[in-house]
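Peer 1: how would this look folded up:
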Amino acid sequence: MFDFLNPEAVGLTPQQIARSFRWLGWIGFWLQAFLGFIPIFVVVANVLSKPAPQAGGFSFGLGMAIACLIILIFSIYWCFRYTQLAEKLEIRDLRPAKSQVIRDLRIGLLANLGIMAIAVFVALSRVGGLTFKMLTLPQGATVIAPNQIGGTTVTPGALVTPSNMIAIQAMVNAIAAGLVGTIVALFLLYLVGQHRNIKD
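Peer 2: Down below sits the predicted model:
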């Protein structure tokens, strides 16, 4: 195991760094793809299930969710790119400069920080809206769900629906996917930073 407190404890060769890029790249790729499935499904279903856009077009929240989704797809690809970078690091003639490797890792880090920032912003606004709806109910009130046959009706928008919970789960998954990508990029940046010259 590495001693992260001692800067001279890690004396890795480029081949060992390449192995870390390969393993962490695949781990990041599969975890982000798994965690990103729900957000991708929710955004695509939301876009396809909406009627034709009105004069205003998409809502701001949906636009932010689509932006988060695009960055998430890019981040999944970027983790896969780490595995391709590992192949170049193993071959001395193809090995990129350390500055280029660090630049690629910083791009991955910024993309994942962007995912988390957008997802947290959307989650705060969505959960805040739901909390406000719940607070407008009288204290001690019993919420009765409408049945399919007719009979009982409730004020529209007064309930937390399953689609609300799925949307919240999608935002939590997007935050988790961004966190995975951030950890992978930071760990690889640490390993590359410990090597004096990646061309050696």
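Peer 1: Check which residues of the longest helix along the chain are buried.
Peer 2: Longest helix in the chain by number of residues (criterion: DSSP state H): helix 98-135. Neighbour counts over helix 98-135 (16 or more other CB atoms under 10 Å) mark 98, 101-102, 104-105, 108-109, 111-116, 118-119, 122-123, 126, 130 as buried. All C-beta atoms are positioned from the backbone trio N, CA, C, and that covers glycine.
Peer 1: who does that helix touch, helix- and strand-wise?
Peer 2: Counting contacts by 3 or more CB pairs under 8 Å, 6 or more residues apart in numbering; DSSP states H and E, helix 98-135 packs against helix 60-90, helix 162-194.
Peer 1: okay, those in JSON lines with distance to residue 21 next?
Peer 2: Compiled in JSON lines, the helices and strands packed on helix 98-135 are given as follows (distance: least, CB to CB, whole Å):
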{"stretch": "helix 60-90", "distance to residue 21": "4"}
{"stretch": "helix 162-194", "distance to residue 21": "6"}
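Peer 1: Reformat these as CSV; add mean pLDDT.
Peer 2: Shown next, in CSV, are the helices and strands packed on helix 98-135 (pLDDT from 0 to 100):
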stretch, mean pLDDT
helix 60-90, 91
helix 162-194, 90
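Peer 1: Make TSV from the ones you listed and add mean neighbour count and distance to residue 28 to it.
Peer 2: Below are the helices and strands packed on helix 98-135 laid out as TSV (neighbours: other CB atoms under 10 Å; distance: least, CB to CB, whole Å):
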stretch	mean neighbour count	distance to residue 28
helix 60-90	19	4
helix 162-194	19	4
